[in-house]
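1. Structure for the following, please:
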Amino acid sequence: MRLGMQLGYWPSSPPAGAADAVRAADAAGLDSVWTAEAYGSDALTPLAWWGAATQHVRLGTAIAQMYARTPAATAMAALTLDHLSGGRFVLGLGASGPQVVEGWYGQPYRRPLARTREYVQIVRDILRREAPVTADGDFFRLPLPAPTSPLGPDAARADRDAEPTGLGKALRSTVRPLRADLPIHLAAEGPRNVALAGEIADGWLPAFYAPRLDASLREPLEDGLARRSGALRPHEEFEVCASVPVVVRSSVDEAADAVRPHLALYVGGMGARGANFHLEAVARLGYREVCEEIQSLYLAGRVDEAAAAVPLELVQDVALVGTLDDVAARLRDWEETAVTTMLLQGDPSTWRALLSPGSPVHAAVRG
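-> This is a model prediction of the structure:
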């Protein structure tokens, strides 16, 4: 099992020390560095900026939101970063949820699995560069077809503005991708979405993974892998890159308190009531009643109480907390799981502790 660094998305401003942390990760021999986006900083720009100072680590998005860009725009960014990094880019994609998609991007959130399938296929077609790219799906059509009949003079202005000219042409990328099989990973939380990742992607990006439930968590993935096309990377090369918060403090309880607000935000506030995929993912770990309590408190504006309601058991299921010795001991729980790479997410002080020579986890991090 490899170790990587998850930088996530920015809070209210660029995170202090991130550039130094990325350079340290590269020097220490970590497998990869990853960025994310929500509705503030984007995932691609920081990855390119910080990644320019690296030579060895893989550079991944975990995640880039599919509704933020057309498939063609995403493929262009991916092939560009792959060239600039010398073949070290990993394209991690996710569908986000209806609050962000409809509230931030102004697009309808419907049939996300079917849309994801079309999206990934177009990106792959662009990267393979075998022919001008065409698509005739429910969500994407390339090129846009000509109108079947012209609109009359009484048609509404909005209808006329929405009509294509019919002049679109199927195109092939002017740039030859460095790798036609550039790896594509999918963020997935529900069983059907996890199965889709196994079927059409090169990796799965779980947000909340509990080693004690490894057998049940990998079941939908195995279902998807069984339907995998022979044109994709073989089953044995499929990756599972799990983001895992890590906090080093003088005690487990003190470290857990630093993780509780993060979990409360995702369970309670990152999604509407009845449509919070993060809540459902944590609930499937055996915390249904706890999740409902956290969400009720959070949506009522009682954010501190929501964080306090996160049990220590949940924190220890999905995060690494405590002293360096505690963290090193809990790392072993992950070694026999489906996870191939742990993407450790922590602040600069935590990373300094993890990467300092002589620390109990230094050897594991370097490996």
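
2. all contacts plus neighbour counts: C-alpha atoms, from now on.
-> OK.

3. Contacts for stretch 79-87, please.
-> Contact with stretch 79-87 is made by Ala48, Gly51, Ala52, Gln55, Arg88, Phe89, Leu127, Pro177, Leu178, Arg179, Leu182, as judged by C-alpha atoms under 8 Å, 6 or more residues apart in numbering.

4. Grab the nearest non-local neighbour of the third one.
-> The shortest distance from Ala52 to any residue other than its chain neighbours is 7.5 Å, reached at Ser85 (C-alpha to C-alpha, 6 or more residues apart in numbering).

5. now for the strand or helix carrying Arg352, which elements pack on it?
-> Per DSSP states H and E, Arg352 falls inside helix 348-355. Applying 3 or more C-alpha pairs under 8 Å, 6 or more residues apart in numbering; DSSP states H and E, one finds that helix 348-355 contacts helix 18-28, strand 239-248, helix 362-366.

6. tell me the average confidence for that helix?
-> For helix 348-355, mean pLDDT is 82.

7. same question, stretch 37-56
-> Per-region confidence: stretch 37-56 scores 97 on mean pLDDT.

8. for stretch 77-95, same thing?
-> Taken as a whole, stretch 77-95 has a mean pLDDT of 98.

9. Please enumerate the strands of the stretch 251-367 of the chain.
-> 320-322, 341-345 (DSSP state E, counting those that start in this stretch).

10. Pick the most buried one from the ones you listed.
-> Across the strands of the stretch 251-367 of the chain, the average number of neighbours (mean count of other C-alpha atoms under 10 Å) peaks for strand 320-322, which reaches a mean of 26.

11. any idea how far Pro11 lies from Pro183?
-> As judged by C-alpha to C-alpha, to the nearest Å, Pro11 and Pro183 stand 28 Å apart.

12. just Arg284 next, same as before
-> If you go by C-alpha to C-alpha, the gap between Arg284 and Pro183 works out to 28 Å.

13. still on that earlier bit, mean pLDDT and distance to Leu196 for the strands of the stretch 251-367 of the chain - can I get that in JSON lines?
-> Conversion of the strands of the stretch 251-367 of the chain to JSON lines gives the following (pLDDT from 0 to 100; distance: least, C-alpha to C-alpha, whole Å):
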{"stretch": "strand 320-322", "mean pLDDT": "96", "distance to Leu196": "28"}
{"stretch": "strand 341-345", "mean pLDDT": "95", "distance to Leu196": "20"}
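
14. Residue ranges in the stretch 151-300 of the chain under the pLDDT threshold?
-> Counting by pLDDT under 70, the stretch 151-300 of the chain contains low-confidence residues at 151-161.

15. coming back round to it: Arg284 and Pro183: who's more crowded?
-> The neighbour count for Arg284 versus Pro183, taken as other C-alpha atoms under 10 Å, is higher for Pro183 (21 against 14).

16. and the more buried one, what does it touch?
-> Remark: with contacts taken as C-alpha under 8 Å, 6+ apart, Pro183 is in contact with Phe89, Val90, Leu91, Ala201, Asp202, Gly203.

17. and of these, the nearest to Gln65?
-> Proximity of the contacts of Pro183 to Gln65, judged by C-alpha to C-alpha, is greatest for Leu91, which lies at 10.7 Å.

18. Check which helix or strand that closest one maps to.
-> Leu91 is part of strand 89-94, with elements assigned from DSSP H and E.

19. contacts for that strand?
-> By C-alpha under 8 Å, 6+ apart, the list of residues contacting strand 89-94 from outside reads 58-66, 78, 81-82, 182-188, 205.

20. Any figure for the gap between Leu320 and Val259?
-> Leu320 is 9 Å from Val259, where distance means C-alpha to C-alpha.
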